[in-house]
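Novice: Sequence and predicted structure, then a few things I'm wondering about:
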Amino acid sequence: MVVLLLTAALSAIQAGDSLSPADSARIHRDMVAAQRRFESDRRRQLPLTTSGSGRCDVQVGRYCYWYDPSEPPPPEEPAAIKEDRGEFLAVLAEAADKIPGDPWILGQRIRYLVEHGAHDFAAAVARSCDGWWCRAVEGFALHNKGDVAGAEAAFAAALEEMPEADRCEWNDLSVVLEPEDEAYQNLDCIQRDSANALLFWRSRPLLRRPGNDVRTDWYSRQVIVRALEGAITHHGNRLTGDLREVLLRYGWATAYSRTPPRHGAIDDDVSVVGHEPRPAYPFLAVDRQERWPPTSDRPRARFSPVFARRIAPLENAQVARFIRGDSAVFVAGYGVPKDSLFQRATEAWLGLSAEPGRPPLLADVSRGAAVLRAPADGGMISLEVHDSTHDSWAVYRSRAEEAPGDISDLLLIRQSEELPGTLAESAERAWPGIQIPLGASAGLFWETYGHSPGDSLVDVNLTIERIRQGFISKLGQAVGLSRKVSPLRLAWRRERYDEVEFMAHAVEVDLSHLGPGWYLLTVEMSGNRRATRTLEIRRESRILAREPDTLPER
């Protein structure tokens, strides 16, 4: 049993105070043997599971990976395994006292302490030593604790100190990129630094939380791979190239089980199932529509955030930008989903990240609308809603392109007795998202810039056109059972006032005669100014939004 081997290892360590190189080597070998025995005993004590049932989404060498978010949670770890791991950790601690510079022993201590749930102690152990490997395992412990900002600082220190060859290897993201990213393969180590900064930046899940969870997760995978070198894995073998690829692409398991033994199998032939955290989202991927999390049925790599039980796209949201000199004012409105989550969405933020390495700017949006002033030179906009009760997030993500300089975005606003004449008035009336109840009407607000002094009159054209029609509607049009709805076009002319640097425009749009579906609103004006906004008309019972004034108080 593992207890006997651990006792023997303890006796060897206690034999003398000063150790020769031969003694140090012997203790190291004893720890390698103890780790092998712990994993062997663990495999035999794992709970049985039928998870997967022969399913295989991706085959990587000898290993099969599948992802099924509907599977039940993994079985609880037996108390006997936790007790054995505690004993093994005690022996590792004494071994580390005798040969404190052994990187393999340090790696085992940290990863098993994290597995044991002792994140703070693991980080303290890592901080008690010097060197790049100490900083790397510290980052691993902090990442798993959820201290992403601390993990980023630790990994940055590790990368600064580690040998160039190791740093180049750790910064090679080739294994997790999709096939269409083949140009990355031709980059050298220095070029990868710049490419990685952009990849990690655009894949950052939240601007509200300090640090980048995707980046620290990637370096944590590198720590696991390094720690498993010379060790026995939970599958009962040593680290191989195919398992290394699985770990780098999908992360490490946080729970284990075993499948029922096959007829005629020998005692040591245990088939282990590793259970990675769920939900898991595409890793380093960006949706064509800039959504986060991105959508992909079978991504090459996956990522499970340590800070949330769920992240979902915030579908019902709008963000409009208005120019003020060399800066911009962003106005946002959103509605939260009416599902079992987000019923107590008490926190929300609108953020702008201008570029990698620059801290994001944030504004509180918890009452359903927000105004954020930021540089106008582009970046990434993120509207993030947090349900603290269920530890869930909903995210709206878009790219803030460089301002065209002649027309703002279109802002959907609530109806009122008088049309708003300023941005401040319109921001207070921002519609909570882009979903409009069937039979309702809404308003539009926008601004134009750069009119010449001679433009005494300005022409305005508004078009409302149905888009994204459903299959049944398209089929009806094809066989002549229904007719295609022509776009609604409105045109008017208004006077320009020379004393203002920009013009504010507002109009009330009657949508009551339009049926359910998606619509594109297009404004075209003198001087080739053009702006668009999509909206969805839904039946009242299917509106996935609540008015801001119905949100619970903070």
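Specialist: Everything's here; your move.

Novice: Shouldn't Trp252 be within a strand?
Specialist: No. Under DSSP: H, G, I helix; E, B strand; the rest coil, Trp252 falls outside any strand and is assigned coil.

Novice: Am I right that it is in contact with Ile224?
Specialist: Yes. With contact defined as C-beta atoms under 8 Å, Trp252 counts as touching Ile224 (4.8 Å). For the C-beta atoms, the positions are set from N, CA and C on the backbone; glycine is no exception.

Novice: Settle it for me: which of these two has more neighbours?
Specialist: For Trp252 versus Ile224, neighbours defined as other C-beta atoms under 10 Å are more numerous around Trp252 (22 against 19).

Novice: All the helices of the stretch 51-200 of the chain, residue numbers only.
Specialist: Using DSSP state H, counting those that start in this stretch, the helices found in the stretch 51-200 of the chain span residues 79-98, 103-115, 119-127, 132-145, 148-161, 164-170, 189-202.

Novice: got a list of contacts for the shortest one?
Specialist: When you say that, I think you mean helix 164-170. Contacts to helix 164-170, defined as C-beta atoms under 8 Å, 6 or more residues apart in numbering, come from residues 132, 159, 162, 189, 192, 219, 222.

Novice: So what's the residue count around the fourth one?
Specialist: Using other C-beta under 10 Å, Cys189 has 13 neighbouring residues.

Novice: Spatially nearest residue to it, not counting backbone neighbours?
Specialist: Using C-beta to C-beta, 6 or more residues apart in numbering and skipping residues adjacent in sequence, the residue nearest Cys189 is Cys168, 4.0 Å away.

Novice: if I look at that neighbour, how far off is Ala157?
Specialist: 17 Å (C-beta to C-beta, to the nearest Å).

Novice: same check, this time on Ala126
Specialist: Distance from Ala126 to Ala157, by C-beta to C-beta: 11 Å.

Novice: Which of these two has more residues huddled nearby?
Specialist: More crowded of Ala126 and Ala157, by other C-beta under 10 Å: Ala126, with 23 against 16.

Novice: which ones are touching that one?
Specialist: Listed by C-beta under 8 Å, 6+ apart, the contact partners of Ala126 are 106, 110, 134-135, 137-138, 141, 154.

Novice: Which member of those residues exhibits the greatest number of neighbouring residues?
Specialist: Neighbour counts for the contacts of Ala126 peak at Val137, which has 30 neighbours (criterion: other C-beta under 10 Å).

Novice: most residues in a single helix of the chain, which one?
Specialist: Using DSSP state H, we find that the single longest helix of the chain is helix 21-45.

Novice: what angle sits between it and helix 79-98?
Specialist: If you take axes from the mean of the first three to the mean of the last three C-alpha atoms, to 10 degrees, helix 21-45 sits at 170 degrees to helix 79-98.

Novice: So that it lines up with my notes, have the first residue be 21 from now on.
Specialist: In the new count, where the first residue is 21, that last one comes out as helix 41-65.

Novice: what comes up buried for helix 41-65?
Specialist: Within helix 41-65, the residues scored as buried using 16 or more other C-beta atoms under 10 Å are 43, 46-48, 50-52, 54-59, 61-63.

Novice: do the same with stretch 459-466
Specialist: 462-466.

Novice: Could you tell me which of those residues belong to strands?
Specialist: If you go by DSSP state E, those have 462-466 in strands.

Novice: Can you show me the strands along the stretch 221-370 of the chain?
Specialist: Under the criterion DSSP state E, counting those that start in this stretch, the stretch 221-370 of the chain carries strands at the ranges 275-278, 292-295, 301-302, 322-323, 330-333, 337-344, 347-354, 365-373.

Novice: cool, and the stretch 421-570 of the chain?
Specialist: Under DSSP E, counting those that start in this stretch, the stretch 421-570 of the chain gives strands at 431-433, 455-457, 462-469, 477-487, 508-515, 522-529, 537-545, 549-558.

Novice: Just confirm Arg56 contacts Gly250, I think it does.
Specialist: No. Contact criterion C-beta under 8 Å: Arg56 and Gly250 do not qualify, at 10.5 Å.

Novice: In JSON lines, list the ones in strands among the buried residues of stretch 459-466 along with pLDDT and distance to Ile427.
Specialist: Output for these, formatted as JSON lines (pLDDT from 0 to 100; distance: C-beta to C-beta, whole Å):
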{"residue": "Ala462", "pLDDT": "94", "distance to Ile427": "19"}
{"residue": "Gly463", "pLDDT": "94", "distance to Ile427": "17"}
{"residue": "Leu464", "pLDDT": "96", "distance to Ile427": "12"}
{"residue": "Phe465", "pLDDT": "96", "distance to Ile427": "12"}
{"residue": "Trp466", "pLDDT": "95", "distance to Ile427": "7"}
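
Novice: How many neighbouring residues does Leu431 have?
Specialist: Counted with other C-beta under 10 Å, Leu431 comes out at 27.

Novice: check contacts around it.
Specialist: 338, 340, 351, 353, 446-447, 450, 464-466, 553.

Novice: Quick check: neighbours shared by Ala146 and Ala177?
Specialist: Shared contacts of Ala146 and Ala177, counting by C-beta under 8 Å, 6+ apart, come down to Arg155.

Novice: center of the chain, which residue is that?
Specialist: For the chain, the residue nearest the mean C-alpha position is Pro225 (3.1 Å; C-alpha atoms, centre = their mean).

Novice: show me the contacts for it.
Specialist: Contacts of Pro225 (C-beta under 8 Å, 6+ apart): 233-234, 312-313, 325, 328, 331, 413, 415.

Novice: top of these by neighbour count?
Specialist: Going by other C-beta under 10 Å, Trp413 tops the contacts of Pro225 with 28 neighbours.

Novice: Relative to Arg344, how far out is that one?
Specialist: In terms of C-beta to C-beta, Trp413 sits 30 Å off from Arg344.

Novice: need the contacts of helix 184-190 in CSV with distance to Tyr539, can you?
Specialist: Shown next, in CSV, are the contacts of helix 184-190 (distance: C-beta to C-beta, whole Å):
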residue, distance to Tyr539
Trp152, 56
Leu179, 49
Met182, 55
Cys209, 50
Arg212, 44
Tyr239, 45
Gln242, 48
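
Novice: what about burial for these, which qualify?
Specialist: Buried among the contacts of helix 184-190 by 16+ other C-beta under 10 Å: 152, 179, 182, 212, 239, 242.

Novice: Looking at those, which gets the smallest pLDDT?
Specialist: Ranked by pLDDT, the buried ones among the contacts of helix 184-190 bottom out at Arg212 (94).

Novice: and that one, what does it touch?
Specialist: Counting by C-beta under 8 Å, 6+ apart, the residues that Arg212 touches are 188, 191-193, 204.

Novice: could you flag which of these are buried?
Specialist: By neighbour count, with 16+ other C-beta under 10 Å, these hold 191-193, 204 as buried.

Novice: just the helices in the stretch 371-520 of the chain please.
Specialist: 443-448, 491-498.

Novice: ok, Glu485 to Pro302 distance?
Specialist: Look at Glu485 and Pro302: by C-beta to C-beta, they are 32 Å apart.

Novice: the more surrounded of those two?
Specialist: The residue with more neighbours, out of Glu485 and Pro302, is Pro302; 22 against 15, by other C-beta under 10 Å.

Novice: Surely the more buried one is in contact with Trp312?
Specialist: No. Applying C-beta under 8 Å as the test, Pro302 and Trp312 come out as separate, 9.8 Å apart.

Novice: related to what we said a few turns ago, so which pair among the contacts of helix 184-190 is furthest apart in space?
Specialist: Using C-beta to C-beta, the two most remote members of the contacts of helix 184-190 are Trp152 and Arg212, lying 18.4 Å apart.

Novice: ok, how many other residues are close to Arg322?
Specialist: Applying other C-beta under 10 Å, I find that Arg322 has 22 neighbouring residues.

Novice: could you list every residue that touches it?
Specialist: By C-beta under 8 Å, 6+ apart, the neighbours of Arg322 are 87, 269-271, 296, 300-303.
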